[in-house]
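Peer 1: Predicted model and sequence below, questions to follow.
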Amino acid sequence: MSTNVATIDDERTYEDIYAQGVIVDPEPGVDHNVRIREVKKSFGSFDVLTGLNLNFPDNAITTVLGPSGTGKSVLLKHIVGLLEPDSGLVEVFGQDLWRINDKDRQEIRKRMGILFQDGALFGSMNIYDNVAFPLRKHTHKREAEIRKIVMGHLDEVGLTKAISKFPGEVSGGMKKRAGFARALVLNPSVVMFDEPDSGLDPVRTSLLNDLILRMHAEHGGTYVLVTHDIRTARKVSDYVGVVWKGKLIHYGDTEEAFNSDMPFVRQFLSGDSVGPLGMD
Ligand SMILES: Nc1ncnc2c1ncn2[C@@H]1O[C@H](COP(=O)(O)OP(=O)(O)OP(=O)(O)O)[C@@H](O)[C@H]1O
């Protein structure tokens, strides 16, 4: 896979890059289902996204890494249209999400799947009904067809024996797998994962990562993953974007990120306490 090149002015110091961020040119010949341009978002006086630029290539898994509170989940909420930027452009499937009406935005949202940290399952529905929910809500398919699709996806994530269980009766890993199956039932072209590894032990994390890779190989699409887990990033990503203080400060293929000379990227990817990132 070829590498995207960040247009970094050679004269800039690392401090300049931390302050200004980088802009990444879309890779020639590659489509990008999701493009984020100079997006700014503040809550009150707190500036969370401060001019974020990032393109997510189709048929690749891109991981967004960065310290806690740097705006990664806020970024996902922008992509799915749950938050409107104060300024800048959020473009999904070639459409500016905030220049179209609510109905069109809803249609675009149906083409995206999202796996929230806890699976975001409905506690009052069993696993089967949770996974069937988007099909019942957004399609006119008959129950027999819904059953085929739901059971197919539950089989892929290894949950066919748990269909009658309620979310409160299954482990965290099973909840995530059920959430994953639900995120895929409408055949989304963009799938987002908000810290899929949170709360899982290293073995379950590794198994979930295998599942992410397998599902991506099977179904394709633009996968966007937000995590703190460096091992997850290394294992599943084609590309890595590093966000700090609401800006993209590094972007490249996974190998490039892990070989970066940028002190912040080096510190973050090695989990070192010494470097530009402190407790603030
Ligand atoms: N709706 C909101 N109203 C006010 N503040 C918010 C809102 N959503 C997010 N924030 C704040 O924006 C900041 C960034 O939050 P976000 O959840 O995106 O961080 P993150 O990078 O995903 O962090 P973590 O890795 O810890 O999950 C946080 O300080 C959070 O409290």
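Peer 2: Good, I have the coordinates.

Peer 1: Check which residues of the longest helix seen in the chain are buried.
Peer 2: Using DSSP state H to define each element, the chain has its longest helix at helix 202-219. Neighbour-count burial for helix 202-219 flags 204, 205, 208, 209, 211, 212, 215, 216, 219 (criterion: 16 or more other CB atoms under 10 Å). (C-beta placed from N, C-alpha, C; glycine too.)

Peer 1: looking only at pLDDT, what's the mean for it?
Peer 2: Average pLDDT, helix 202-219: 88.

Peer 1: Now do the helix or strand that that helix is followed by: which elements does it pack against?
Peer 2: Downstream of helix 202-219, the next assigned helix or strand under DSSP states H and E is strand 222-227. Packing contacts for strand 222-227, counted by 3 or more CB pairs under 8 Å, 6 or more residues apart in numbering; DSSP states H and E, involve strand 32-43, strand 46-57, strand 61-65, helix 72-79, strand 190-194, helix 202-219, helix 230-236.

Peer 1: Run the chain-centre distance for the last one.
Peer 2: By that I understand helix 230-236. Averaging C-alpha positions (CA atoms, centre = their mean, to the nearest Å) puts helix 230-236 13 Å from its chain's average.

Peer 1: tell me which parts of the stretch 101-250 of the chain are close to the ligand?
Peer 2: Of all the residues in the stretch 101-250 of the chain, those in contact range of the ligand (CB under 6 Å from any ligand atom) are residue 228.

Peer 1: Which residue does the stretch 101-250 of the chain have closest to the ligand?
Peer 2: residue 228 (5.8 Å; CB to the nearest ligand atom).

Peer 1: and of the helices and strands packed on strand 222-227, who's closest to residue 153?
Peer 2: Shortest distance between residue 153 and the helices and strands packed on strand 222-227, using CB to CB, is found for helix 202-219: 9.1 Å.

Peer 1: Could you name the helices and strands sitting against that closest one?
Peer 2: Applying 3+ CB pairs under 8 Å, 6+ apart, we find helix 202-219 packed against strand 61-65, helix 143-156, helix 172-184, strand 222-227, helix 230-236.

Peer 1: Now do the longest one and helix 202-219, the angle between them.
Peer 2: Right, the one you point to is helix 143-156. Interaxial angle, helix 143-156 versus helix 202-219 (axes from the mean of the first three to the mean of the last three CA atoms, to 10 degrees): 130 degrees.

Peer 1: tell me which strands and helices helix 143-156 is in contact with?
Peer 2: For helix 143-156, the packing partners by 3+ CB pairs under 8 Å, 6+ apart come out as helix 127-138, helix 172-184, helix 202-219.

Peer 1: can you list the ones you listed in TSV and add distance to residue 100?
Peer 2: Converted to TSV, the helices and strands packed on helix 143-156 look like this (distance: least, CB to CB, whole Å):
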stretch	distance to residue 100
helix 127-138	18
helix 172-184	23
helix 202-219	26
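
Peer 1: Point out where this protein drops to low pLDDT.
Peer 2: Within the chain, the stretches with pLDDT under 70 are 1-10, 118-119, 275, 279-280.

Peer 1: If we use 80, what do you get?
Peer 2: Within the chain, the ranges that satisfy pLDDT under 80 run 1-11, 25-30, 117-119, 199-200, 271-280.

Peer 1: domains of it?
Peer 2: For the chain, the structural domains run 1-66+75-111+190-272, 118-187, going by automatic domain parsing.
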